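Visitor: I would like to see how this sequence folds:
(one chain, ligands or ions: 2)
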Amino acid sequence: MKVVLQNLTKKFPNRNKGVRSDVIAVNNFDMEIPDGKLVSLLGPSGCGKSTALNLLSGLLKPSSGKIFFGEDDVTDLPAENRGVGLVFQNYALYPHLTVRQNIMFPLENLKGAAKLTKAQMQEKALEAAKLVQIHELMDRKPNELSGGQQQRVAITRALVKMPRLLLLDEPLSNLDARLRLQTREELRRIQNETGITTIFVTHDQEEAMSISDMIIVMKEGVIQQTGRPQDVYDSPVNLFVAKFLGTPPINVFAGEVKDGSLYIGQDKVCTVKGAANKPVWVGIRPEGFELDENGTLSCSLVGVEVMGRDITVISNNAASESGAIRAIISAENRVDTSAPVVRFNVKSNKIFLFDKETEARLDCEIG
Ligand SMILES: Nc1ncnc2c1ncn2[C@@H]1O[C@H](COP(=O)(O)OP(=O)(O)OP(=O)(O)O)[C@@H](O)[C@H]1O
Ligand SMILES: [Mg+2]
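Guide: Ligands and ions are numbered 1, 2, ... in the order given. Below is the predicted model:
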């Protein structure tokens, strides 16, 4: 089922004394979430991700705007009638109930024609548990499970009614790094198998990039960019998005466009077509550097980190706005670590220019 948001806004009254302005947690969302896809809502803490999810679930009422599930306007539909499965940021299982009873819980309150017999409930619970591969744990209590298993029970409980829409609020946040990786692959598999439109909230860009069909990058309640993860990474609309995606993060320099060339400090780094003469922010991805003894960008060498397949060359440049520069190059390169200076050429598709005031990406051709 596709989901459409129209000018969706949620304001909370500001409780600070003397402050009159409201907090706009979700600001004028206008977008379509395609049917059957896994979409990530990505942004820093406090940007409005949980609020957006709770508007979709019906737990919060919007201040203005509309929500459509398919063609149906659900803006005023109560949460229990929306057919939504929700895993909360702090997923809570009922400690006194077994895994089976926890999973069956959402089925117990079905009314009228939807009402199920005990046997039907048990069957549905088992079916959902098999999908998530926790069917062998059905008689245990939550405190007899690992964190990852508990997390999967919470996901199963959200799935058991076969919702039209699955909403997951940072469902992997309490897991260690390895389990996190495993569970996110599981989630991708379950989503593929069920085809349920899923919205996954995270502040972890790597997690979002790795499992999503589409990402929505948010900042302070406002959508910055939506698109396929690779497209957003390769073509960020502004400096915020460029900085938010990628590990190690993009290197940012103060630069200047002058008569068709880009300067970083005194170095004439590359040619630029279609940009006016003015100071700019320059973003260069870590993988955008090539070692070259006659390279156009010179930096003072700090050191080299060897990581097997790649090496990271760490260097300084007075124009850097993001601290030490991290350049990732193939381990086949040899770097003379005793040299005071390292010179790079920059790959044109890995360098972006941004307006100094608005921080919007400049539309220009880099050579
Ligand atoms: N009930 C509320 N009353 C007032 N302000 C609220 C309320 N709920 C959230 N906010 C504010 O709205 C903004 C967005 O909060 P939200 O919980 O949606 O952020 P988030 O992106 O989910 O953050 P996190 O990654 O930390 O979970 C924050 O500034 C928060 O303080
Ligand atoms: Mg949140």
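
Visitor: for Thr142, phi and psi?
Guide: Thr isn't right for residue 142; it's Pro. Backbone torsions of Pro142, given as degrees, to the nearest 10, read phi -50, psi -40.

Visitor: Tell me, what's the model's pLDDT at the closest residue to it other than its chain neighbours?
Guide: With sequence-adjacent residues excluded and distances taken as CB to CB, 6 or more residues apart in numbering, Pro142 is closest to Leu93, at 4.2 Å. C-beta coordinates here come from the backbone N, C-alpha and C atoms, glycine included. As predicted, Leu93 sits at a pLDDT of 90.

Visitor: do the one 4 residues further on as well
Guide: The score at Leu97 is 95. That number is its pLDDT.

Visitor: Now do the residue nearest to Pro142: how many residues are near it, please.
Guide: By other CB atoms under 10 Å, the residues close to Leu93 number 21.

Visitor: Quick check: phi and psi at it.
Guide: Torsion angles, degrees, to the nearest 10, at Leu93: phi -100, psi 150.

Visitor: need the contact list for the closest residue to Gly274 other than its chain neighbours.
Guide: Distance criterion CB to CB, 6+ apart; nearest residue to Gly274, sequence neighbours excluded, is Cys364 at 4.2 Å. Contacts for Cys364 (CB atoms under 8 Å, 6 or more residues apart in numbering) come out as 257, 272-275, 353.

Visitor: Identify the residues contacting the residue nearest the centre of the chain.
Guide: Centroid check for the chain by CA atoms, centre = their mean gives Leu42 as the closest residue, at 3.1 Å. By CB under 8 Å, 6+ apart, Leu42 lies in contact with 49, 202-203, 205, 208, 215-218, 244.

Visitor: so of those, which ones are in helices?
Guide: In this view, the contacts of Leu42 that belong to helices under DSSP state H are 49, 205, 208, 244.

Visitor: between the residues you listed, which is closest to ligand 1?
Guide: Nearest to ligand 1 out of the ones in helices among the contacts of Leu42 is Lys49 (CB to the nearest ligand atom; 3.5 Å).

Visitor: Can you name the residues that contact the closest one?
Guide: 41-43, 169, 201-203, 218.

Visitor: One more: Phe105?
Guide: Per CB under 8 Å, 6+ apart, neighbours of Phe105: 94, 97, 157.

Visitor: Please apply the same query to Phe240.
Guide: Per CB under 8 Å, 6+ apart, neighbours of Phe240: 217, 219, 224, 359.

Visitor: From those, pick the one nearest ligand 1.
Guide: Among those, and counting by CB to the nearest ligand atom, the member closest to ligand 1 is Lys219, at 10.0 Å.

Visitor: Run through the chain and note the low-pLDDT ranges.
Guide: 19, 91 (pLDDT under 70).

Visitor: need the residues of it near ligand 1, please.
Guide: 12, 23, 25, 43, 45-51, 89, 203 (CB under 6 Å from any ligand atom).

Visitor: ok, now with 8 Å
Guide: 10, 12-15, 23, 25-26, 43-54, 89, 169-170, 201, 203, 218, 221 (CB under 8 Å from any ligand atom).

Visitor: Let me see the ranges of the helices in the chain.
Guide: Going by DSSP H, the chain shows helices at 49-57, 99-108, 118-131, 147-159, 177-194, 205-211, 229-234, 239-244.

Visitor: out of these, which comes closest to Ser261?
Guide: Closest of those to Ser261 is helix 239-244, at 21.1 Å (criterion: CB to CB).

Visitor: Extract the C-alpha trace of the closest one and format it as PDB.
Guide: The C-alpha atoms that make up helix 239-244 are tabulated as PDB, following Å, rounded to 0.1, in the frame of the first residue of the first chain:
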ATOM      1  CA  LEU A 239      25.900  20.500   2.700                       C
ATOM      2  CA  PHE A 240      23.800  19.000   5.500                       C
ATOM      3  CA  VAL A 241      22.900  15.900   3.400                       C
ATOM      4  CA  ALA A 242      26.500  15.600   2.100                       C
ATOM      5  CA  LYS A 243      27.800  15.600   5.700                       C
ATOM      6  CA  PHE A 244      25.200  13.300   7.100                       C
END
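
Visitor: Show me how far that helix is from its chain's centre.
Guide: Its chain's average C-alpha position is 12 Å from that of helix 239-244, according to CA atoms, centre = their mean, to the nearest Å.

Visitor: For ligand 1, what is the nearest residue in the stretch 151-300 of the chain?
Guide: Counting by CB to the nearest ligand atom, the stretch 151-300 of the chain gets nearest ligand 1 through His203, at 4.9 Å.

Visitor: right, and that residue touches Pro44 too?
Guide: Yes: the pair His203 and Pro44 qualifies as a contact (CB atoms under 8 Å) at a distance of 5.8 Å.

Visitor: Of these two, which one has the most company?
Guide: His203 (18 against 12).

Visitor: Now for Asp259: which residues touch it?
Guide: Asn277.

Visitor: what are the phi and psi angles of it?
Guide: The phi/psi pair for Asp259 (degrees, to the nearest 10) is phi 50, psi 50.
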